[in-house]
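*Asks:* what follows is a predicted structure for the sequence shown.
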There are 2 protein chains.
Amino acid sequence: MAEDRLIQRMILALRNRATSVSTLRLGVGDDAAVVAAHPHSDWVVSSDAFLEGVHFWADTHPAHSVGYKALARATSDLAAMGATPRFYLLTLALPPRRVGRWLDEFLSGLREAAGLFKMTLAGGDTTRNPKVFISMTVIGETAPGRAIRRTGARPGDLIYVTGALGAAELGLRLLKNSSRRAMKTSLPLKAHLYPKIHLRWGMWLAQNRVTSAMIDVSDGLSTDLGHLCAASAVGARLRADQIPCVPTPRGKPNPLELALNGGEDYQLLFTVRPNNLKRLRRAPRFAELSEIGRIVAHRQLTLVRADGTEKRLVPRGWDPFRPK
Amino acid sequence: MAEDRLIQRMILALRNRATSVSTLRLGVGDDAAVVAAHPHSDWVVSSDAFLEGVHFWADTHPAHSVGYKALARATSDLAAMGATPRFYLLTLALPPRRVGRWLDEFLSGLREAAGLFKMTLAGGDTTRNPKVFISMTVIGETAPGRAIRRTGARPGDLIYVTGALGAAELGLRLLKNSSRRAMKTSLPLKAHLYPKIHLRWGMWLAQNRVTSAMIDVSDGLSTDLGHLCAASAVGARLRADQIPCVPTPRGKPNPLELALNGGEDYQLLFTVRPNNLKRLRRAPRFAELSEIGRIVAHRQLTLVRADGTEKRLVPRGWDPFRPK
């Protein structure tokens, strides 16, 4: 059973009426949930699991990077809603052999990320486990009603991405195959260990009401564009030659494959109505963006190559439940 | 390293200034954190980890009970702050063999608890793991400034508990030793599998400003009274014959030992200034309470037996990091 279907099953089984004075504006199924907590702001909340043996290897990944990335991954879901991050809650399960230096370095990396994103620890829990298990809950804010959902894309909307795709997957492969020394200077390795998240872009897009839908590319473009299109009940046509790929030595692995199916880049993927393009072009860092395709009514993802040939794009990004 | 020291280390390593428009009223170190989100209410947030092999055994504990208890445990921390529960976020890691019937029953138990506590799913994450790993984040509300902390106990305050202690630990022992059939009708077993949490007491105490400090007894009276006293920089004298214990067959295991050191009863333990006693006696269910001792200035826990002899009380409740 794939992760998406598992999540759908859980949402259906647990569905009930919102029971609160604080209205639940948007429930599960997006990057984060939105709660109308305050007359001047909505709260945006999300949880993310990060596991040794599934998402990282404690003998391969430096503990400092694990701490940084644990918060960065979760907070990227706030970026994808256009929210300003505020608080985090950490559940950390550790084997006894990791409570010494490993934990110090983990906490140092986490502290660095919290400083960078301006977030404050608001709670947590610790326990023991044979492997390191991290669950991070993040809380952010947006102006009322301004959180950007996955559901608003319409046929004719243009598709944008904030930067190059595939770097983190390339870094992961380098980490698995290379010597430690060779990797230190590698940009892809940095993209994998210390992913940049796009909070400023998210906030700018929310404040300026430019986008119709947004998601962060955590599981790979083919998978996350699939999520956005499924939530909006639309399809998409991507232009292969417009997708910003990272170069690879002698073209191996194939840069386009990496960009389509590699995970953990945490770029923002968003759609814009043609009549909002003028506003988007006024963005201070518009030049960073790539326009990579267009939303269509037919609910299918299509990749259009430079020579005009087409193929159907199947989600092949990260899924922890997919048989290997 | 004990869990308490590990948590202290994490809090120190991750401490920074609250960086938000929404002031963080109370940070980590209590049952939950409190955020001033709204002019008419504070938000109370907490996370709790619940693991196969540490907190439950998937072959012994029914999946339905695991689902119920996952939310009940976490929400008891909201009860201990006097908060009204609103939302929960679930991180669930599962081995592939648990995604069938086990997951259905887990979700059914969770749904039952969410209905009972009037809580709505606001997000979550799933992934695979060799064992079941649950991290639950809960969000509740109190009137501004009314959340009850652990820090307000003063010498002379009286110590109360909402009900009997030791039942859940007795139930756990029955579960480990008895045949399944014999256990079905057992009240201690029910206390272990479907713990009652004391939300109404928590809310009443917060609304009526009766208590000076409060905690839920999740790790055992000796440990949790220790937490409350440490947070308030005080000590306590407990009267052994006033502690409400559950009866055991032929007095084995010793009921007082169970009450002092058995975990997971989720009773509320709170302190009351003598001049607030009149108000406490007006509580609709005052008869449920037991007065078990008194707060003292000397920072030590003392158990006073019925014959007047005394012994120092050492925390011997649940600690996942304590060597066995």
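*Replies:* Perfect, thanks for sending it.
*Asks:* can you name the residue of the stretch 151-300 of chain A nearest to chain B?
*Replies:* Using CB to the nearest CB, the single residue of the stretch 151-300 of chain A nearest to chain B is residue A:218, 10.8 Å away. Where C-beta positions appear, they are placed from N, C-alpha and C, glycine not excepted.
*Asks:* tell me if I'm right that that residue and residue A:224 touch.
*Replies:* Yes. With contact defined as CB atoms under 8 Å, residue A:218 reaches residue A:224; the gap is 6.6 Å.
*Asks:* before we move on, the earlier item: tell me the pLDDT at the residue of the stretch 151-300 of chain A closest to chain B?
*Replies:* With respect to pLDDT, residue A:218 scores 93.
*Asks:* phi, psi of it?
*Replies:* Dihedral angles of residue A:218 (phi, psi; degrees, to the nearest 10) stand at phi -100, psi -30.
*Asks:* check residue A:290 too.
*Replies:* Backbone torsions of residue A:290, given as degrees, to the nearest 10, read phi -120, psi 130.
*Asks:* pretty sure it contacts residue A:161?
*Replies:* Yes. Counting by CB under 8 Å, residue A:161 is a contact partner of residue A:290 at 5.3 Å.
*Asks:* quick one: average confidence on stretch A:165-180?
*Replies:* Averaging pLDDT along stretch A:165-180 gives 83.
*Asks:* go through it and flag the buried ones.
*Replies:* Residues A:165-175 are the ones in stretch A:165-180 that count as buried (16 or more other CB atoms under 10 Å in any protein chain shown).
*Asks:* checking residue A:51 next. Helix, strand or coil?
*Replies:* With DSSP: H, G, I helix; E, B strand; the rest coil as the basis, residue A:51 sits in strand.
*Asks:* adding secondary structure and distance to residue B:92, write the buried residues of stretch A:165-180 out as TSV.
*Replies:* Output for the buried residues of stretch A:165-180, formatted as TSV (DSSP: H, G, I helix; E, B strand; the rest coil; distance: CB to CB, whole Å):
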residue	secondary structure	distance to residue B:92
A:165	strand	29
A:166	coil	30
A:167	helix	30
A:168	helix	25
A:169	helix	26
A:170	helix	31
A:171	helix	28
A:172	helix	25
A:173	helix	29
A:174	helix	32
A:175	helix	28
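*Asks:* which single residue of the stretch 101-250 of chain A ends up nearest chain B?
*Replies:* Proximity of the stretch 101-250 of chain A to chain B (CB to the nearest CB) peaks at residue A:135, 3.4 Å away.
*Asks:* so that residue sits right up against residue A:49, yeah?
*Replies:* Yes. Contact status for residue A:135 versus residue A:49: in contact at 5.2 Å, counting by CB under 8 Å.
*Asks:* which one of the two has more residues nearby?
*Replies:* residue A:135 (33 against 26; other CB atoms under 10 Å in any protein chain shown).
*Asks:* beta partners of that one?
*Replies:* In this entry, residue A:135 is beta-bridged to residue A:49, residue A:91, by DSSP bridges.
*Asks:* let's see the pLDDT reported for it.
*Replies:* 91.
*Asks:* over to residue A:196?
*Replies:* Value listed for residue A:196 in the pLDDT field: 96.
*Asks:* do you know how far the nearest residue to it once chain neighbours are set aside is from residue B:301?
*Replies:* Nearest non-adjacent residue to residue A:196, counting by CB to CB, 6 or more residues apart in numbering or on different chains: residue A:266, 7.0 Å away. As for residue A:266, its distance to residue B:301 is 49 Å (criterion: CB to CB, to the nearest Å).
*Asks:* circling back to that earlier point, now do the shared contacts for residue A:135 and residue A:49.
*Replies:* B:91, B:125, B:135 (CB atoms under 8 Å, 6 or more residues apart in numbering or on different chains).
*Asks:* about what we covered before: let's have the buried residues of stretch A:165-180 in TSV, adding distance to chain B.
*Replies:* Putting the buried residues of stretch A:165-180 into TSV (distance: CB to the nearest CB, whole Å) gives the following:
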residue	distance to chain B
A:165	22
A:166	22
A:167	23
A:168	18
A:169	18
A:170	23
A:171	21
A:172	17
A:173	21
A:174	24
A:175	20
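*Asks:* quick one: which of these is nearest to residue B:66?
*Replies:* Comparing those against residue B:66 with CB to CB places residue A:172 closest, at 33.6 Å.
*Asks:* which residues are in contact with that closest one?
*Replies:* Going by CB under 8 Å, 6+ apart, residue A:172 touches A:192, A:262, A:264.
*Asks:* try 7 Å
*Replies:* residue A:192 (CB atoms under 7 Å, 6 or more residues apart in numbering or on different chains).
*Asks:* cool, residue A:241 as well?
*Replies:* residue A:306.
*Asks:* assumed it was part of a helix.
*Replies:* Yes. According to three-state DSSP, residue A:241 belongs to a helix.
*Asks:* ok so residue A:77 is a strand residue?
*Replies:* No. Secondary structure of residue A:77 (three-state DSSP): helix, not part of a strand.
*Asks:* that one reaches residue A:46, doesn't it?
*Replies:* Yes. Applying CB atoms under 7 Å, one finds residue A:77 in contact with residue A:46, separated by 4.2 Å.
*Asks:* list residues touching both of the two?
*Replies:* Counting by CB under 7 Å, 6+ apart, the common neighbours of residue A:77 and residue A:46 are A:31-32, A:138.
*Asks:* can you report how many residues neighbour the residue lying closest to residue A:193 once chain neighbours are set aside?
*Replies:* Distances taken as CB to CB, 6+ apart place residue A:65 nearest to residue A:193, at 3.9 Å, with adjacent residues excluded. The tally of other residues near residue A:65 (other CB under 10 Å) stands at 22.
*Asks:* just confirm residue A:65 is within a helix.
*Replies:* Yes. Using three-state DSSP, the assignment for residue A:65 is a helix.
*Asks:* what about the residue nearest to residue A:35 when sequence neighbours are not counted, helix or strand, and which?
*Replies:* Spatial nearest neighbour of residue A:35, excluding adjacent residues (CB to CB, 6+ apart): residue A:43 at 4.6 Å. Assigned by DSSP states H and E, residue A:43 falls within strand A:41-51.
*Asks:* what's the spacing between that strand and its chain's center?
*Replies:* Put simply, strand A:41-51 sits 12 Å off its chain's centre (CA atoms, centre = their mean, to the nearest Å).
*Asks:* what's the average pLDDT for that strand?
*Replies:* Mean pLDDT, strand A:41-51: 87.
*Asks:* and the closest residue to residue A:13 other than its chain neighbours, what is it in contact with?
*Replies:* Distance criterion CB to CB, 6+ apart; nearest residue to residue A:13, sequence neighbours excluded, is residue B:107 at 3.9 Å. Residues in contact with residue B:107 (CB under 7 Å, 6+ apart) are A:10, A:13-14, B:67.
*Asks:* can you check residue A:94 too?
*Replies:* Applying CB under 7 Å, 6+ apart, we find residue A:94 in contact with A:103, A:128-129, A:132.
*Asks:* could you do residue A:137 as well?
*Replies:* Each residue near residue A:137 by CB under 7 Å, 6+ apart is listed here: A:45, A:47, A:88-89, B:47, B:89, B:137.
*Asks:* so which of those is the closest to residue A:149?
*Replies:* Using CB to CB, residue A:45 comes nearest to residue A:149 of the contacts of residue A:137, at 14.4 Å.
*Asks:* surely that closest one and residue B:123 touch.
*Replies:* Yes. Using CB under 7 Å, residue A:45 is in contact with residue B:123, at 5.7 Å.
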